[in-house]
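*Asks:* Attaching a predicted model along with its sequence, questions to come.
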Amino acid sequence: MSLEDLESAVCQSDTTSTRRAEPPKLSDYSPEEIEVINSARRRVIMDMITINGWKKNSMRKQKLAMHLYAREVVNEVKASLDCRGLNTTSSITTLMIHGLTNSHSKLIKNAEKESLPYYIDNLEPEDKTLSAEDRQKYMAACRKAIYNSDNHHTYFLHGHKSGQLSMFSHPALQDVHLKQWYTDESSPLFDDTLRPILTTTTIPMLLMLAVGVMGAIDRYVEGRLSKSGDVLRFTGKLYADKQNWIQRQMKATLQTEVHWEVMTNFFQYLHNKGMKILNERLGLTSPASISVPMSLEELALPHEPENPTTPHDTAPDSYSQHCQHDQQTNSFSAWPSTVSYSGSSIPSGSALVHYSEVQPFYDQSALQMPMSESFAQESYVNFSEKSTCGSLAEEDDKDTFWTAPVSYHDTM
């Protein structure tokens with residue numbers, strides 16, 4: 001489907017009863033198709049936490065570009081899973097976008113549960129006799145104080161370590177981070193093909209957490225938590241601009257000499273801590289650290305003792321199968337070097353023996369995730385020039401995000 005066809009379909013749906021149609025559900029699809037949809041959802045979430053962050057979605061042209069981007073991701077996943085029978089319809093791309101919305105919903109719920117206990121004592125007044133109105137005013141003033149980044153030691157995103165200020169490392173952020181990305185099966189880190197891509201905590205990851213914690217604090221102060229009848233919506237329209245502002249501050253901080261090393265070490269520490277939790281959940285064993293010699297002396301073989309102890313009493317029985325014992329010299333020499341393979345003897349210097357030295361034990365192509373940011377960006381630009389659909393400035397509270405061609409390393 002071309003961009004013009006997609007534009008026409010969306011514009012038509014806005015003027016017919018299609019809007020009132022029942023939304024698509026995962027249960028409408030086969031297990032193979034559901035696997036494709038869930039894998040594609042994880043990929044767009046991975047894009048969000050490594051490159052895109054959460055972008056405000058208010059223009060119709062952005063929604064069209066998002067659907068086109070979602071179609072491209074689905075097609076890539078279909079090819080990788082060899083499930084070509086699934087038609088990439090607008091219902092499929094809608095389910096993709098719902099995956100992002102669900103991720104945002106889980107984030108704000110995790111933030112309410114994990115982060116609010118750190119802030120409630122600083123928000124609540126000591127005077128318990130205040131009226132509801134006065135209590136709310138008091139908490140609003142306290143919220144304004146902790147949102148003020150000029151107050152470094154009380155800013156709601158900063159923490160402390162060994163008596164020193166630690167930027168963007170508040171324990172509330174850490175708890176939500178571990179809960180959101182390392183324990184939830186919808187996280188891209190639960191995908192074997194995506195997990196190796198993420199080797200440290202990224203700035204977009206922390207940005208999502210920051211606005212999640214901010215949303216939880218706002219809900220508490222205004223009395224509009226998730227279990228209330230009037231929930232404060234957690235949308236890009238309200239929080240995307242705030243996230244962009246925090247991103248500028250975080251990038252500027254990371255570029256300073258005094259903070260760069262501490263922050264990058266914290267990013268790695270937080271990711272390693274999360275991977276330990278994830279590996280235990282998946283039943284995986286964390287790779288053991290390998291000791292590396294750091295001096296020339298350590299590289300030299302140790303000298304053998306002049307009178308080595310005869311290993312008759314200590315060596316296992318299999319030792320005698322590989323050595324010849326000289327009765328006169330009381331010494332051992334190795335048998336001719338061969339390797340047994342399928343009943344035949346193969347010289348140890350052959351290519352078969354050294355296969356494991358040159359052949360990796362993993363599929364390197366699995367570490368390459370096809371990215372579609374440039375495709376989506378080009379579609380966005382082209383659409384901006386061609387769009388004829390009316391009411392382009394119409395805003396909508398339903399959120400998707402826009403792909404920006406920025407790499408994590410660029411944000412460093």
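*Replies:* Happy to help now that I have it. Numbers count the residues shown, from 1 in each chain.

*Asks:* Could you check how far K128 is from R135?
*Replies:* 9 Å (CB to CB, to the nearest Å). Bear in mind the C-beta positions are built from the backbone N, C-alpha and C, glycine included.

*Asks:* and those two? which has more neighbours close in?
*Replies:* R135 (18 against 7; other CB atoms under 10 Å).

*Asks:* so how many other residues sit close to the closest residue to the more buried one other than its chain neighbours?
*Replies:* Distances taken as CB to CB, 6 or more residues apart in numbering place P125 nearest to R135, at 5.9 Å, with adjacent residues excluded. Look at P125: counted by other CB under 10 Å, it has 14 neighbours.

*Asks:* Show me where the protein has its strands.
*Replies:* Applying DSSP state E to the chain gives strands spanning 159-161, 164-166, 323-326, 331-334, 338-341, 344-347.

*Asks:* Just name whatever secondary elements the first one is in contact with.
*Replies:* The one in question is strand 159-161. When contacts are defined as 3 or more CB pairs under 8 Å, 6 or more residues apart in numbering; DSSP states H and E, strand 159-161 packs onto strand 164-166.

*Asks:* outside of the strand it packs on, which residues touch it?
*Replies:* Strand 164-166 has contacts (CB atoms under 8 Å, 6 or more residues apart in numbering) with H152, H153, H158, G159, H160, V262, F266.

*Asks:* Surely the second one touches H160?
*Replies:* By that I understand H153. Yes - contact status for H153 versus H160: in contact at 7.4 Å, counting by CB atoms under 8 Å.

*Asks:* So which of the two has more stuff around it?
*Replies:* Higher neighbour count among H153 and H160: H160, with 12 against 8, using other CB under 10 Å.

*Asks:* Okay, now the unreliable bits of the stretch 151-300 of the chain?
*Replies:* Scanning the stretch 151-300 of the chain for pLDDT under 70 picks out the ranges 286-288.

*Asks:* again, only using 80
*Replies:* Where the stretch 151-300 of the chain drops to pLDDT under 80, the residues are 285-289.

*Asks:* The stretch 301-412 of the chain now?
*Replies:* Low-confidence segments of the stretch 301-412 of the chain (pLDDT under 80): 303-412.

*Asks:* Repeat the analysis, applying 50 as the threshold.
*Replies:* 311-323, 325, 327, 329-412 (pLDDT under 50).

*Asks:* quick one: contacts for K242?
*Replies:* In this structure, K242 makes contact with V211, M214, judged by CB under 8 Å, 6+ apart.

*Asks:* Ok, G212 next?
*Replies:* With CB under 8 Å, 6+ apart, G212 has these contacts: L107, I108, N110, A111, S115, V176, Q180, F234.

*Asks:* Find the nearest non-adjacent residue to it, please.
*Replies:* According to CB to CB, 6+ apart, the nearest residue to G212 is A111 (3.9 Å).

*Asks:* Distance-wise, check the one you found relative to S169.
*Replies:* A111 is 16 Å from S169, by CB to CB.

*Asks:* Looking at the two, which has the bigger crowd around it?
*Replies:* A111 (28 against 20).

*Asks:* Would you check that the more buried one makes contact with D218?
*Replies:* No - applying CB under 8 Å as the test, A111 and D218 come out as separate, 10.4 Å apart.

*Asks:* Just the helices from this protein, written as ranges.
*Replies:* 3-13, 31-47, 60-81, 90-123, 132-146, 171-182, 203-221, 236-254, 257-282, 296-299, 355-358, 373-386, 408-411 (DSSP state H).

*Asks:* Quick check: buried residues in the fourth one?
*Replies:* Okay, so that is helix 90-123. Of the residues in helix 90-123, those buried by neighbour count under the rule 16 or more other CB atoms under 10 Å are 90, 92-93, 95-100, 103-104, 106-112, 114-116, 118-119, 123.

*Asks:* same thing with stretch 252-268?
*Replies:* For stretch 252-268, by 16+ other CB under 10 Å, it's L254, H259, V262, M263, F266, F267.

*Asks:* Keeping just the C-alphas, turn it into PDB.
*Replies:* Below are the C-alpha coordinates for stretch 252-268, written out as PDB (Å, rounded to 0.1, in the frame of the first residue of the first chain):
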ATOM      1  CA  ALA A 252      24.500  18.400  28.800                       C
ATOM      2  CA  THR A 253      25.400  16.700  32.100                       C
ATOM      3  CA  LEU A 254      26.900  13.700  30.300                       C
ATOM      4  CA  GLN A 255      29.100  15.900  28.300                       C
ATOM      5  CA  THR A 256      30.800  17.400  31.300                       C
ATOM      6  CA  GLU A 257      34.100  16.000  32.500                       C
ATOM      7  CA  VAL A 258      33.000  15.900  36.200                       C
ATOM      8  CA  HIS A 259      30.000  13.700  35.500                       C
ATOM      9  CA  TRP A 260      30.800  11.600  32.400                       C
ATOM     10  CA  GLU A 261      32.600   8.800  34.100                       C
ATOM     11  CA  VAL A 262      30.300   8.500  37.000                       C
ATOM     12  CA  MET A 263      27.200   8.500  34.800                       C
ATOM     13  CA  THR A 264      28.500   5.900  32.300                       C
ATOM     14  CA  ASN A 265      29.600   3.700  35.200                       C
ATOM     15  CA  PHE A 266      26.100   4.000  36.700                       C
ATOM     16  CA  PHE A 267      24.500   3.200  33.400                       C
ATOM     17  CA  GLN A 268      26.600   0.000  33.100                       C
END
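
*Asks:* Contacts for that stretch, please.
*Replies:* S166, M167, F168, S169, T200, T201, T202, I203, T411, M412.

*Asks:* wait, what's in contact with the second one?
*Replies:* Right, the one you point to is M167. Counting by CB under 8 Å, 6+ apart, M167 has contacts H158, T253, H259, V262, M263.

*Asks:* Swap in 7 Å and give it another go.
*Replies:* M167 makes contacts with H158, T253, H259, M263, as judged by CB atoms under 7 Å, 6 or more residues apart in numbering.

*Asks:* Turn the contacts of G212 into a markdown table, including distance to M139.
*Replies:* Conversion of these to a markdown table gives the following (distance: CB to CB, whole Å):
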| residue | distance to M139 |
| --- | --- |
| L107 | 22 |
| I108 | 19 |
| N110 | 22 |
| A111 | 17 |
| S115 | 15 |
| V176 | 21 |
| Q180 | 25 |
| F234 | 19 |
